[in-house]
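A.B. asks: Give me a 3D structure for the following:
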Amino acid sequence: MYLLSAAFLGGAISLGGFGLLFEKVENFQHPQKIAGTVIPIPTHFTNSPTAAAENTDFVLAAERSLNAVVHVKNTSVRNTRDPFVEFFYGKSNGHSFEQVGTGSGVLISADGHIITNHHVIDEANEIEVTLNNRKVYKATLVGADPNNDIALLKIEGVHFEPILFGDSDRVKVGEWVLAVGNPYNLTSTVTAGIVSAKGRDLEGNTNIESFIQTDAAVNPGNSGGALVNARGELIGINTAISSKTGAFVGYSFAVPSNIAKKVVEDLMEYGNVQKALIGIQYDPKEDNLEGVKILAITEGGGAEKAGLQVEDVIVKINDVKITKFSDLKGQLNAKRPGETIVVSVLRDARLLTKELKLTKNNTIVVNSLGFSVEKMVFKEQHKKSLSHGVKITNIQNEQLKSLGVKEGSVLLEINGKEINNVDDVEKELSKKARFGFVKLGILNADGEKENYIFR
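C.D. replies: Prediction:
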């Protein structure tokens, strides 16, 4: 069984001997909303789903992608304190020092928008981008989505050479691909391989993902780089490797381009990521070998309005086959609330097709902590004089119940971070592995804030 390497690869080559991955001083906390018209991202969906099998000349694909792939350097400031010294000499301000990590990014617009991994620039104080022509630019963070590990940067200038997006839904297992990036500070490196699998979810990852798996060599520093097809079209953003050593040993994983494209367009237009829901409950661990079984229908959701029922098994979204939960998650991550999709389900051995309108994510089930959270309506916030928080519902955690936490209590903070919506809950819980614990700040029925720690 593969282990998910610390190869969320991105700020992976650290200068000054500080190791491959490191904690950073927090800097960027909220995506910056960009006003005005959305800049269209160039896209090229060819009629032919794959290049000819015999065409293994990657010169053209390399030429089309090399100038679009950039080197990303992040600098963070870290402060350390020595409790032993402070015990004898008193409290001090500690010692500050810089840490530098590197990764890759991909130019997606002629005016300098760059897509990379969130972990490549996470909490960096300064971001520097070097193009293939060796020109260096200071970059600003437009926004980021930790759940999909995608971030959007911007450098100032015009007439850059962006890459064209391909349709990741049309990628076939066995298709030739190139990984383009900057492993180990070796700039402008191209490696070749094939697509090994699609809809891959990494065991041990805190998120359910839908990665493209490839055997193209990817190493620390490749994070945020391009996975391209034989036509030089972007079909994924290289993100992780499966390894026991921290270096490439056979498989790597990329966020599909359709998901990445949707995320960056949301960041440009809204300043955050718009999450779409079908309006059902399902068990991601249940393997039906034929699709995703519906366990419950959300009242007022798109599934209910479309006539879906409990025990229906979703086998297709539009023209994409759904065989497991990660396939479904991948399709939803590439869609927005309000979009209409065609859902094919098996019901009593009959294949039915329904049109369904996706809804906004206002509720999530926190399986790891045993309760659900919902968006608070304005009247509830006004009554409690709150500027932030989400409502706790459907408590299954007996420990919380015994401590007096009741349905309707308000979750204000996770690990000291204010919670403004249900997406913030997912974001902060994903950091549990970093802290080793989760501290919940909950407003009780008496209007008092109480803290609960789970390890």
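A.B. asks: going forward, measure contacts and count neighbours with C-alpha atoms only.
C.D. replies: Noted.
A.B. asks: So which residues of the stretch 301-450 of the chain form strands?
C.D. replies: 313-317, 320-321, 340-347, 350-357, 359-360, 363-366, 371-374, 390-393, 410-414, 417-418, 438-443, 449-454 (DSSP state E, counting those that start in this stretch).
A.B. asks: lowest-confidence stretch among those?
C.D. replies: If you rank the strands of the stretch 301-450 of the chain by mean pLDDT, strand 363-366 sits at the bottom with a mean of 66.
A.B. asks: Alpha carbons only: can I get stretch 373-386 in PDB?
C.D. replies: What follows is stretch 373-386 as a C-alpha-only set of coordinates in PDB (Å, rounded to 0.1, in the frame of the first residue of the first chain):
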ATOM      1  CA  VAL A 373     -23.100  22.400  10.600                       C
ATOM      2  CA  GLU A 374     -25.400  24.800   8.800                       C
ATOM      3  CA  LYS A 375     -25.300  28.300   7.600                       C
ATOM      4  CA  MET A 376     -26.900  30.700  10.000                       C
ATOM      5  CA  VAL A 377     -29.700  32.900   8.700                       C
ATOM      6  CA  PHE A 378     -29.500  36.700   9.300                       C
ATOM      7  CA  LYS A 379     -32.200  36.600  12.000                       C
ATOM      8  CA  GLU A 380     -30.300  34.000  14.000                       C
ATOM      9  CA  GLN A 381     -27.100  36.000  13.800                       C
ATOM     10  CA  HIS A 382     -28.900  39.300  14.700                       C
ATOM     11  CA  LYS A 383     -30.600  37.700  17.700                       C
ATOM     12  CA  LYS A 384     -27.300  36.500  19.100                       C
ATOM     13  CA  SER A 385     -25.400  39.600  18.100                       C
ATOM     14  CA  LEU A 386     -22.900  37.600  16.100                       C
END
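A.B. asks: For that stretch, buried residues please.
C.D. replies: V373, E374, K375, M376, Q381 (16 or more other C-alpha atoms under 10 Å).
A.B. asks: Quick check: chain neighbours aside, which residue is closest to the first one?
C.D. replies: So that's V373. In space, and not counting its chain neighbours, V373 is closest to I392: 4.6 Å by C-alpha to C-alpha, 6 or more residues apart in numbering.
A.B. asks: number of nearby residues for K172?
C.D. replies: Neighbouring residues of K172 were enumerated by other C-alpha atoms under 10 Å; the total is 15.
A.B. asks: before we move on, what about V292?
C.D. replies: Neighbour count of V292, defined by other C-alpha under 10 Å: 27.
A.B. asks: V177 now?
C.D. replies: Neighbours of V177 using other C-alpha under 10 Å come to 28.
A.B. asks: How about residues contacting stretch 310-329?
C.D. replies: By C-alpha atoms under 8 Å, 6 or more residues apart in numbering, the list of residues contacting stretch 310-329 from outside reads 169, 199-201, 208-210, 284, 287-297, 331, 341-347.
A.B. asks: Write the PyMOL selection for whichever of the residues you listed are buried.
C.D. replies: Buried residues among these (16+ other C-alpha under 10 Å), as a PyMOL selection:
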select buried, resi 169+199+200+201+208+209+210+291+292+293+294+296+297+331+341+343+344+345+346
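A.B. asks: Now, the contacts of stretch 310-329 that are in helices?
C.D. replies: When helices are assigned by DSSP state H, the members of the contacts of stretch 310-329 inside them are Q331.
A.B. asks: Can you tell me which of the contacts of stretch 310-329 end up in strands?
C.D. replies: 199-200, 292-293, 296-297, 341-347 (DSSP state E).
A.B. asks: Going by distance to Q309, which of these wins?
C.D. replies: For the ones in strands among the contacts of stretch 310-329, the minimum distance to Q309 (C-alpha to C-alpha) is 6.9 Å, reached by I297.
A.B. asks: The closest one reaches A306, doesn't it?
C.D. replies: No: counting by C-alpha atoms under 8 Å, A306 is not a contact partner of I297; they are 10.9 Å apart.
A.B. asks: List the contacts of the residue nearest the centre of the chain.
C.D. replies: Centrality entry for the chain: nearest residue to the mean C-alpha point is N148, 0.8 Å, by C-alpha atoms, centre = their mean. For N148, the residues meeting the contact criterion (C-alpha under 8 Å, 6+ apart) are E209, V255, A260.
A.B. asks: From these, which one has the minimum pLDDT?
C.D. replies: Per-residue confidence across these is lowest for E209, with 71 (pLDDT).
A.B. asks: Please name the nearest non-neighbouring residue to that one.
C.D. replies: With C-alpha to C-alpha, 6+ apart as the measure, D201 is the residue that lies nearest to E209, at 4.9 Å, once sequence neighbours are left out.
A.B. asks: okay but the one you found is in contact with F211, surely?
C.D. replies: Yes: with contact defined as C-alpha under 8 Å, D201 counts as touching F211 (6.4 Å).
A.B. asks: Can you list the residue ranges for helices in the chain?
C.D. replies: So, for the chain - with DSSP H - the helices run 59-66, 83-89, 118-121, 257-269, 302-306, 325-333, 378-384, 398-402, 422-429, 432-435.
A.B. asks: can you list the weak-confidence ranges in the stretch 101-250 of the chain?
C.D. replies: Judged by pLDDT under 70, the stretch 101-250 of the chain has its weakly predicted residues at 202-208, 242-249.
A.B. asks: Distance of the closest residue to I442 other than its chain neighbours relative to E380?
C.D. replies: For I442, ignoring the flanking residues on the chain, the nearest one in space by C-alpha to C-alpha, 6+ apart is L411 at 4.6 Å. Distance, L411 to E380, using C-alpha to C-alpha, to the nearest Å: 13 Å.
A.B. asks: Can you tell me which of the contacts of N148 is nearest G181?
C.D. replies: Checking the contacts of N148 against G181 by C-alpha to C-alpha gives V255 as the nearest, at 14.7 Å.
A.B. asks: what about that closest one, how many neighbours?
C.D. replies: Burial measure for V255: 29 neighbouring residues, criterion other C-alpha under 10 Å.
A.B. asks: Quick check: T189 touching A216?
C.D. replies: No: at 11.7 Å, T189 does not count as touching A216 under the criterion of C-alpha under 8 Å.
A.B. asks: ok, the two, which is more surrounded?
C.D. replies: Under the neighbour definition other C-alpha under 10 Å, T189 and A216 were set side by side, and A216 has more, 24 against 18.
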